[in-house]
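S.K.: coords please:
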Amino acid sequence: MSMRIHPTAIVEPGAELAEDVEVGAYTLIGPGVKIGPGSSIGPHCVIRGLTEIGRDNRIFQFCSIGEVPQDKKYAGEPTRLVIGDRNTIREFCTFNCGTVQDGGVTRIGSDNWIMAYVHVAHDCLVGDQVIIANSSQLAGHVSIGDHAILGGFTGVHQFCSIGAHCITSVGSVVLQDIAPFVMAAGNPAGPKGINSEGLRRRGHDAETVQAVKRAYRTLYRSGLPLEEARVELERQAAEVPLIGLLTAFIAAQRRGLAR
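M.R.: Numbering: from 1, shown residues only. All right, here's what the predicted structure looks like:
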């Protein structure tokens with residue numbers, strides 16, 4: 001056994017770990033698990049199911065990764081959890097596998113910062129460079145876009161989508177889809193402006209930020225019905241391609257747009 005695996009850890013036959021993976025004390029890794037190079041698993045973790053974890057991830061102690069869905073319809077089907085590269089997953093997080101009623105996979109992208117006590121339920125799709133603060137809870141079938149930030153204790157209803165570059169305030173309760181770029185707050189969460197600071201930090205120039213503000217006013221302040229607002233946003237997207245994130249999101253909304 002590799003010296004990087006603590007002698008009290010249990011790595012069941014069939015698990016596939018890169019040679020340099022570190023596994024802490026009393027951790028259990030099941031037979032269907034694959035873990036890529038450079039990753040470290042803290043003590044007292046349980047990683048089970050058909051779980052694939054990429055390279056250079058750091059998973060802290062007391063996490064439950066790849067357990068069966070908390071869905072009464074689940075009947076033991078071979079569904080999966082896929083985690084990308086370079087994620088930080090802090091203490092007491094719980095990530096479940098998917099269900100056959102959806103795509104059969106829960107997917108977490110790369111370069112995410114996921115803080116303590118976060119729950120990611122079955123069939124969730126989390127993008128890249130997402131920050132999810134402590135005790136936030138994602139119900140089943142939730143989608144989180146790239147660069148989104150969820151404030152602590154954010155709760156997201158099943159089938160909701162949160163667009164790219166969004167930010168929610170602490171304690172937000174998301175019951176409908178939150179469009180890209182939006183700052184959302186409240187119970188239920190609603191739009192409170194755009195995440196202009198986040199856009200600037202990601203290298204978008206002042207002209208682009210102003211275009212996003214104009215798109216926000218079109219969608220939320222113009223009084224236009226949603227379909228008319230969408231047509232106007234498509235015109236704006238032809239001039240500023242980033243606005244295309246907004247029009248695509250509106251076209252794909254599942255729970256109705258929080259306006």
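
S.K.: let me know the average pLDDT across stretch 184-200.
M.R.: The average pLDDT for stretch 184-200 rounds to 97.

S.K.: ignore the last one, stretch 127-146
M.R.: On average, stretch 127-146 scores 98.

S.K.: so where is this structure shaky, pLDDT-wise?
M.R.: Applying pLDDT under 70 to the chain flags residues 1-3.

S.K.: neighbours of the residue lying closest to residue 102 once chain neighbours are set aside, how many?
M.R.: Nearest-residue entry for residue 102: residue 123, 3.9 Å, with adjacent residues in sequence omitted and distances by Cβ to Cβ, 6 or more residues apart in numbering. All C-beta atoms are positioned from the backbone trio N, CA, C, and that covers glycine. Residues within reach of residue 123, counting by other Cβ atoms under 10 Å, total 27.

S.K.: so what's residue 16 up against?
M.R.: By Cβ atoms under 8 Å, 6 or more residues apart in numbering, the contact set of residue 16 is 33, 34, 35.

S.K.: from memory the last one sits against residue 45, does it?
M.R.: No: when contacts are counted by Cβ atoms under 8 Å, residue 35 is not listed as touching residue 45 (11.2 Å).

S.K.: for residue 105, give its distance to residue 125.
M.R.: Per Cβ to Cβ, to the nearest Å, residue 105 is found 9 Å from residue 125.

S.K.: no, scratch that, I was asking about residue 134
M.R.: According to Cβ to Cβ, residue 134 stands 21 Å off from residue 125.

S.K.: sorry, back to before: doesn't the residue nearest to residue 102 belong to a strand?
M.R.: No: with DSSP: H, G, I helix; E, B strand; the rest coil as the criterion, residue 123 is assigned coil and is not in a strand.

S.K.: residues touching it, list them.
M.R.: Counting by Cβ under 8 Å, 6+ apart, residue 123 touches 69, 98, 99, 101, 102, 103, 105, 106, 140, 141.

S.K.: so residue 106 bridges to which residues?
M.R.: Under DSSP bridges, the beta-bridge partners of residue 106 are residue 81.

S.K.: ok, it to residue 175 distance?
M.R.: Separation of residue 106 from residue 175 (Cβ to Cβ): 21 Å.

S.K.: show me which of these two is the more surrounded one.
M.R.: Higher neighbour count among residue 106 and residue 175: residue 106, with 31 against 17, using other Cβ under 10 Å.

S.K.: domain parsing for this protein?
M.R.: Using automatic domain parsing, the domain ranges for the chain come out as 10-141, 199-252.

S.K.: now the first one, how far from the chain's geometric center?
M.R.: Between the centre of domain 10-141 and the centre of its chain there are 12 Å (Cα atoms, centre = their mean, to the nearest Å).
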